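Q: coordinates for the following, if possible.
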Amino acid sequence: MGASPWIVSNALWERIEPLLPRKERRFRHPGRRPLPDRQVLCGILFVLHTGIQWEYLPRELGFGSGMTCWRRLRDWNEAGVWQQLHEVLLAELNAAARLDWSRAVVDSSHVRAIKRGGLTGPSPVDRGRSGSKHHLITDGHGTPLAVILTGGNRNDVTQLMPLIDAVPPIRGRIGHPRRKPDSLFADRGYDHDIYRDQVRQHRIVPVIARRGALHGTGLGTYRWVVERSFAWLHGFKRLRIRWERRADIHEAFLKLACCLITHRQINSLC
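A: Numbers count the residues shown, from 1 in each chain. Purely as a prediction, here's the structure:
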């Protein structure tokens, strides 16, 4: 049997550890020694994978208290650790020619927000209940390139250009870092000519389904990868329902999940 998914592998830790902010040493009144970062990260991953509430994190696992894990997740997110980690992993895939730049695919998914909070809103697909949306852009293989969190009432097309702009400059190949695909695939929810023109201004070919067009246009042949990526994202139980009142904590979980999915893609190279 393989290791539990919340146990941080050596390969993943080698990539994360250099990105973590350094703690200042306290010579006077040192107090209790803080729990090692690697153990706390295991606790964060346990919550992400199982969906358990912070206060119920089992202390016997040795990952620290739920509050300790929550604070580290918050601090590391504020320090940009997950964004930096994602860029490192994407660069590795790019160096191995495993990013498909011929096209990118965008889509969104709604999740219910139990405690409301920032970046929530009445969902038109869930009887007006409070919810949030995960907006995702992937490469042609379904590897996450960027993710955005908004309220559940935000129209998908309003996040089209922010998603394109959120793709970081990805290194790994000779020449300038790349951040633009050749084409962009999207469903009917993004069918607005104004946005098509904006995509073209970025020198990207828009391939967006038209409202009223018959099904069977063939776009699903390319768009299915983003739906699979959402299945991967929501395989992390903590992302199926938004429990966090604070938007930054839910965003941190989202970005961390994208990193883990990207790391799986790297593992498939071995």
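Q: check contacts around residue 237.
A: Contact analysis of residue 237 by Cβ atoms under 8 Å, 6 or more residues apart in numbering lists 48, 49, 50, 51. The way it works is simple: take the backbone N, C-alpha and C, and place the C-beta from them, glycine included.
Q: next one: residue 35
A: Applying Cβ under 8 Å, 6+ apart, the residues near residue 35 are 63, 64, 68.
Q: please apply the same query to residue 21.
A: With Cβ under 8 Å, 6+ apart as the criterion, the residues that contact residue 21 are 75, 76, 79, 81.
Q: pretty sure the last one contacts residue 16?
A: Yes. Taking contacts as Cβ atoms under 8 Å, residue 81 lies within contact range of residue 16: 7.3 Å.
Q: for the stretch 151-270 of the chain, what spans make up the helices?
A: Ranges of helices in the stretch 151-270 of the chain, per DSSP state H, counting those that start in this stretch, are 160-166, 193-201, 220-233, 247-267.
Q: most neighbours per residue, which of these?
A: The highest mean neighbour count among the helices of the stretch 151-270 of the chain belongs to helix 247-267 (a mean of 20), with neighbours defined as mean count of other Cβ atoms under 10 Å.
Q: keeping just the C-alphas, turn that one into PDB.
A: What follows is helix 247-267, C-alpha atoms only, in PDB (Å, rounded to 0.1, in the frame of the first residue of the first chain):
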ATOM      1  CA  ALA A 247     -11.800  34.100   1.300                       C
ATOM      2  CA  ASP A 248      -8.000  34.000   1.500                       C
ATOM      3  CA  ILE A 249      -8.000  30.700   3.400                       C
ATOM      4  CA  HIS A 250     -10.300  29.000   0.800                       C
ATOM      5  CA  GLU A 251      -8.100  30.500  -2.000                       C
ATOM      6  CA  ALA A 252      -5.000  29.100  -0.200                       C
ATOM      7  CA  PHE A 253      -6.600  25.600  -0.300                       C
ATOM      8  CA  LEU A 254      -7.500  26.100  -4.000                       C
ATOM      9  CA  LYS A 255      -3.900  27.100  -5.000                       C
ATOM     10  CA  LEU A 256      -2.400  24.300  -2.900                       C
ATOM     11  CA  ALA A 257      -4.700  21.800  -4.600                       C
ATOM     12  CA  CYS A 258      -3.600  23.100  -8.000                       C
ATOM     13  CA  CYS A 259       0.100  22.600  -6.900                       C
ATOM     14  CA  LEU A 260      -0.600  19.000  -5.900                       C
ATOM     15  CA  ILE A 261      -2.300  18.300  -9.200                       C
ATOM     16  CA  THR A 262       0.600  19.800 -11.100                       C
ATOM     17  CA  HIS A 263       3.000  17.800  -9.000                       C
ATOM     18  CA  ARG A 264       1.200  14.600  -9.900                       C
ATOM     19  CA  GLN A 265       1.800  15.500 -13.600                       C
ATOM     20  CA  ILE A 266       5.500  15.700 -12.800                       C
ATOM     21  CA  ASN A 267       5.400  12.300 -11.100                       C
END
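Q: and the angle from it to helix 220-233?
A: Taking axes from the mean of the first three to the mean of the last three Cα atoms, to 10 degrees, one finds that helix 247-267 is oriented at 110 degrees with respect to helix 220-233.
Q: mind giving me the packing neighbours of helix 247-267?
A: helix 10-16, helix 37-50, helix 66-78, helix 81-95, strand 130-139, strand 144-151, helix 220-233 (3 or more Cβ pairs under 8 Å, 6 or more residues apart in numbering; DSSP states H and E).
Q: so for it, mean pLDDT?
A: Averaging pLDDT along helix 247-267 yields 97.
Q: just stretch 40-58 next, same as before
A: Along stretch 40-58, the predicted confidence averages to a pLDDT of 97.
Q: residue 200 contacts residue 194, correct?
A: No. Assessed by Cβ under 8 Å, residue 200 is found out of contact with residue 194, at 11.0 Å.
Q: what about residue 207, how many neighbours?
A: Other residues within reach of residue 207, judged by other Cβ atoms under 10 Å, total 17.
Q: who's in contact with the residue nearest to it when sequence neighbours are not counted?
A: The spatial neighbour of residue 207 that comes closest, neighbours along the chain excluded (Cβ to Cβ, 6 or more residues apart in numbering), is residue 185 at 4.9 Å. With contact set as Cβ under 8 Å, 6+ apart, residue 185 has these partners: 103, 104, 105, 106, 207, 208, 219, 222, 223.
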